[in-house]
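# Any chance you can model this:
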Amino acid sequence: MSKEFFEAVKMLEAEKGIDAEYLYEKIANAIVVAAKHDYNGKDIVHCDINPEKQRIKVYVRKNVVEEIEDPDTDLTLEQAQLIRKSAKVGKTIDIPIKTKNFGRIVAQTAKHVIRQGIREAERGKMYAEFQSKTQELLSAKVVNVDPVSGNVTLEIGKNEALLPRAEQVPGEVFYVGDTTKIFVVDVKETTKGPRVMISRTHPGLVRRLFETEVPEIFDGTIEIKSVSREAGSRTKIAVYSKDERGQRVSNIVDALGGEKIDIVKYSEDPVEFVAAALAPSDVCDVEILDEGAKSCRATVPDGQLSLAIGNKGQNVRLAAKLTGWKIDIKPESGFYEG
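Numbering: from 1, shown residues only. Okay, the predicted model is just below:
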């Protein structure tokens, strides 16, 4: 094969980042598959590719026999010695095939298998790339917005991934060319290639944003214990340290489109932790009802009952998710507003 062939493979390696050795293996397999058609599919065709010498050798390995049983696989001693004088019965002989003798159909078959191999390599590369970024925060560029489904196609590095409507923050609008932050939830290998699951609603997004914006979290001075989130509305984050507020948290709020963030001081004591998690409401007392079932009752000032419960129960729901405790809210007077 010509010098141009090897240069084309090098170009594919450079442009698509696919290992040349992998491509050569796939191309060799393609040539073997194509050439085997001339030998009724018998597994006697071999292909050696030597990029250093820029040479492709395609050959059929046949058995040297006294009497031919299968013309596809056997040669008589006389036939073999016409090709190689040293041939002996009981040995094999390699007969070169000139690649220019491959017909158009054979060449097309080879091209198809090569293209398939390149696709597989790209899928494998994509899988490996995203697998290494699972549970990470990435920047992505919007390349398409489906007006019917609302799904958004994002460009992440050299790859693309789909952000489904269900994984978008309610109310946010995307435009082609926008840059956004996404969280890689998981990557799964499927028959159609890798399936990358990305999200903007996952609590992990907030966790990673805090790690990016707050150096004390990144270096371990402050530890994030848990995160509970209702995307687009409110997030509670439990940290083992003093509350972090100011500009850095403001940057995270901006990245989340104005989502409210409650930073809760973590405590090993469930009474203290549950009381803190019900912020912005004050809590008079927390009574443990059943430690095994992790259920408790929080007493709050009468005037802050609705604040503690939150709109449609959101505040107490997020507090329960954050702490891992079932929380019943009770007004200080014991009387619920009718």
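# Now do Gly90: how many residues are near it, please.
9 (other C-beta atoms under 10 Å). Yep, even glycine has a C-beta here, placed from its N, CA and C like the rest.
# Surely it is in contact with Leu77?
No - if you go by C-beta atoms under 8 Å, Gly90 and Leu77 don't touch, sitting 9.9 Å apart.
# shared neighbours, those two?
Residues touching both Gly90 and Leu77 (C-beta atoms under 8 Å, 6 or more residues apart in numbering): Val64.
# in this protein, what spans have low per-residue confidence?
Within the chain, the segments meeting pLDDT under 70 span 1-2, 99-110, 113, 242-247, 335-338.
# Would you map the helices across it?
3-16, 20-35, 77-83, 104-131, 203-213, 215-218, 247-255, 270-277, 305-309, 314-323 (DSSP state H).
# Pipe those into JSON lines and attach distance to Leu154 and mean neighbour count per row.
Output for these, formatted as JSON lines (distance: least, C-beta to C-beta, whole Å; neighbours: other C-beta atoms under 10 Å):
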{"stretch": "helix 3-16", "distance to Leu154": "20", "mean neighbour count": "13"}
{"stretch": "helix 20-35", "distance to Leu154": "27", "mean neighbour count": "19"}
{"stretch": "helix 77-83", "distance to Leu154": "58", "mean neighbour count": "15"}
{"stretch": "helix 104-131", "distance to Leu154": "12", "mean neighbour count": "16"}
{"stretch": "helix 203-213", "distance to Leu154": "14", "mean neighbour count": "20"}
{"stretch": "helix 215-218", "distance to Leu154": "25", "mean neighbour count": "15"}
{"stretch": "helix 247-255", "distance to Leu154": "16", "mean neighbour count": "14"}
{"stretch": "helix 270-277", "distance to Leu154": "33", "mean neighbour count": "22"}
{"stretch": "helix 305-309", "distance to Leu154": "37", "mean neighbour count": "18"}
{"stretch": "helix 314-323", "distance to Leu154": "28", "mean neighbour count": "22"}
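# okay, those in a markdown table with distance to Lys141 next?
Output for the helices of the chain, formatted as a markdown table (distance: least, C-beta to C-beta, whole Å):
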| stretch | distance to Lys141 |
| --- | --- |
| helix 3-16 | 19 |
| helix 20-35 | 28 |
| helix 77-83 | 59 |
| helix 104-131 | 16 |
| helix 203-213 | 17 |
| helix 215-218 | 25 |
| helix 247-255 | 16 |
| helix 270-277 | 37 |
| helix 305-309 | 40 |
| helix 314-323 | 31 |
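# Which among those is found nearest to Lys98?
helix 20-35 (10.9 Å; C-beta to C-beta).
# packing partners for the closest one?
Applying 3 or more C-beta pairs under 8 Å, 6 or more residues apart in numbering; DSSP states H and E, we find helix 20-35 packed against helix 3-16, strand 45-50, strand 55-65, helix 104-131.
# Relative to Thr180, which of these is closest?
With C-beta to C-beta, the closest approach to Thr180 among the helices and strands packed on helix 20-35 belongs to helix 104-131: 16.9 Å.
# Run through the neighbouring helices and strands of that closest one.
Judged by 3+ C-beta pairs under 8 Å, 6+ apart, helix 104-131 is in contact with helix 3-16, helix 20-35, strand 159-163, strand 179-190, strand 193-199.
# Could you tell me how many residues sit around Tyr240?
Neighbours of Tyr240 (other C-beta under 10 Å): 13.
# mind checking how far Leu163 is from Glu172?
Applying C-beta to C-beta, to the nearest Å, the value for Leu163 to Glu172 is 10 Å.
# Which one of these two is surrounded by more residues?
Leu163 (23 against 14).
# Sweet, I'm off.
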